[in-house]
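For reference, the sequence and a predicted model appear below.
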Amino acid sequence: MSDPLHPNGQAPFSVEAFSCQKAGNARTEYEDAWAIRGSDSPTRCRVAVADGATESSFSALWAALLVESFVRGRSHGPDFFDGLGAIRRLWWRKIRNRSLPWYAAEKVRRGAYAAFVGASLNAVNRGWRAVAIGDCCLFHVTGLPPDLQLLHAFPLTRSEEFGSSPFLVGSVKRSDDDPLPHVRVTEGVLAGNDTLFFASDALAAWLLRRAEKGEPAWETISLGIQTQEDFEQLVAQAREDGTRNDDMTLVRLTRRAGQGRGGD
Amino acid sequence: MYSAEISRKNPGCFIFLLDQSASMEDPFGGSSDRRKADELTTIINKLIHNLSIRCAKGDSIYDYFHVAVIGYGQDTVVKSAFDGPLTGKDLIPISELANNPLRIEDRVKKSDDGAGGLVEQTVKFPLWFEAKHAGGTPMSSAFKTAADIVQRWVAEHPKGFAPIVINITDGESTDGDPIPDAKALGSLGTEDGATLLFNIHLSSSAGNPIELPASDEGLPDKFSKQLYEMSSGLTPFMVARAKELGMSAGDGARGFVFNAQPTQVIQFLDIGTRPANLR
């Protein structure tokens, strides 16, 4: 799906998002979320992707609230997580009046969880800063096809780092569950035509595995995906390669050549 | 092996075998006021409770698992241990089980208030089973019954995750050596792996709880050694998950527990991302 937020070719960034639910699930059961804001702004753009954990309830709602809060806010570091209280209250307000059977009520009491990565980009100096908890990833890819190079993978850098039990951001505050020690932050600068890819965990693990095998898929996800059908084919290929059956999300942000201070 | 996805389309299968024989009326673990039957009842109710919550999703519950609970001992017979509306049933979807407890109690639970303190909350606590203890211990027959259920299950789910049988007992079989029947049960399976048999040994002997050992050294009596011998090895995923959960499981660990409440065993199967910080 193309981002409707950048209406003309003059926008500093081109941003597109693609998503696909777990095989066998209904679209309504998709639990990743993404949000994009300001891709047509002359000054700043914000992107976030979150992945609601299968083993928690109302995690799609939690993931959506996290990404929306991030792109609508101004924080671009660990301070984003200082504001979790307001997001948690919003999550609780949206579900507290439901009449739930005992098991659903107990599951809600334990909270929803999500992995998160968000980045803010400065359209003037081309700098970007990202913050993450868990295993949603950002990849900074540079160069022109067919010579695309991975400059930076964040927060995970190798496929074997992905597991089935990452530390995630919870919707219920607990004193022994402080997310701040788990927050990772990084930054970089986008050259002309550089791309930032944001991916939820299963897709991110597959992309790193391909790169580790010397068969990088950066060109495929740069040029080879223009439509939802293209993305679904990619997902099918990843699953054939043994990637775990999971929701998959890809957000692609490309800095247009010649945009920003001094161009390139 | 042991990598098949567990989902609503490809559900997993748990079969619990409950020793309800007369010897379960004896004291548990050197206790003067707690019987082995009480301990067993607490464990099975907690296991079903945890499994139900694990499968809860939003307003409902996903049938990631089908569950049978078989009792052996009462009148020296082997039969479904369900009471109430589930009487006589063997394998049922977890949703049917979760929605049909014998009764639901209100219990007060202390929870983290997020500020370093505790707050009391009233939570619903369902119960499916009451303590029972009568008759002999036909463990061999119980394994045969489990094998019948497994055979049906694997015929219908040949590519699914291997069934898991969890036997909770004091180990004193009265219908012969149970090892051959345990082995016969373990010879059945799906394309993904052989049936896994785990044993939870509730003994009258006092002694430190033992979880997931890799040898029978240190086990206190012949019954625990026999149950250890019958127990399947944990899969690599299970060993890793057990460690994440703070259990001491090493290479070669078997699904055997002595005088402990291994309610985390329900977490040994992968049904999707599980937050490390989920309590």
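Received, thanks.

in the stretch 1-150 of chain A, which spans are helices?
Using DSSP state H, counting those that start in this stretch, the helices of the stretch 1-150 of chain A run over A:59-72, A:84-95, A:102-110.

out of these, which comes closest to chain B?
helix A:102-110 (3.8 Å; C-beta to the nearest C-beta). For every residue, glycine as well, the C-beta is placed using N, CA and C.

That closest one - contacts with which helices or strands?
Applying 3 or more C-beta pairs under 8 Å, 6 or more residues apart in numbering or on different chains; DSSP states H and E, we find helix A:102-110 packed against helix B:36-55, strand B:56-57, strand B:60-61, strand B:118-127.

Among those, show me which one is buried the most.
Compared across the helices and strands packed on helix A:102-110, strand B:56-57 shows the largest average neighbour count, a mean of 24 (mean count of other C-beta atoms under 10 Å in any protein chain shown).

related to what we said a few turns ago, reformat the helices of the stretch 1-150 of chain A into CSV and put distance to residue B:185 and mean pLDDT next to each item.
Shown next, in CSV, are the helices of the stretch 1-150 of chain A (distance: least, C-beta to C-beta, whole Å; pLDDT from 0 to 100):
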stretch, distance to residue B:185, mean pLDDT
helix A:59-72, 37, 97
helix A:84-95, 43, 96
helix A:102-110, 30, 93
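
closest to residue A:181 out of those?
With C-beta to C-beta as the measure, helix A:84-95 is the member of the helices of the stretch 1-150 of chain A nearest residue A:181 (13.9 Å).

Tell me which other helices or strands that closest one touches.
helix A:59-72.

is the helix it packs on up against chain B anywhere?
No: applying C-beta under 8 Å from any C-beta of the partner chain, one finds helix A:59-72 out of contact with chain B, separated by at least 8.6 Å.

Give me the angle between that helix and helix A:84-95.
140 degrees (axes from the mean of the first three to the mean of the last three C-alpha atoms, to 10 degrees).

which residues sit against helix A:59-72?
Under the criterion C-beta atoms under 8 Å, 6 or more residues apart in numbering or on different chains, residues A:29-38, A:46-53, A:56, A:80, A:83, A:86-87, A:90-91, A:94-95, A:112-114, A:116, A:118, A:169, A:171 lie in contact with helix A:59-72.

May I see the buried residues of it?
Across helix A:59-72, burial judged by 16 or more other C-beta atoms under 10 Å in any protein chain shown covers A:59-71.

Out of these, which is nearest to residue B:17?
Nearest to residue B:17, judged by C-beta to C-beta, of the buried residues of helix A:59-72 is residue A:59 at 34.5 Å.

Determine which of the helices and strands packed on helix A:102-110 approaches residue B:92 most closely.
Judged by C-beta to C-beta, the one of the helices and strands packed on helix A:102-110 that comes nearest to residue B:92 is helix B:36-55, at 11.2 Å.

Which secondary structure elements does that closest one sit against?
Helix B:36-55 sits against helix A:102-110, strand B:12-19, strand B:65-72, helix B:94-98, strand B:118-127, strand B:164-169, with contacts defined as 3+ C-beta pairs under 8 Å, 6+ apart.

what do you get if the cut-off is 7 Å, keeping everything else the same?
Packing partners of helix B:36-55 (3 or more C-beta pairs under 7 Å, 6 or more residues apart in numbering or on different chains; DSSP states H and E): helix A:102-110, strand B:12-19, strand B:65-72, helix B:94-98, strand B:164-169.
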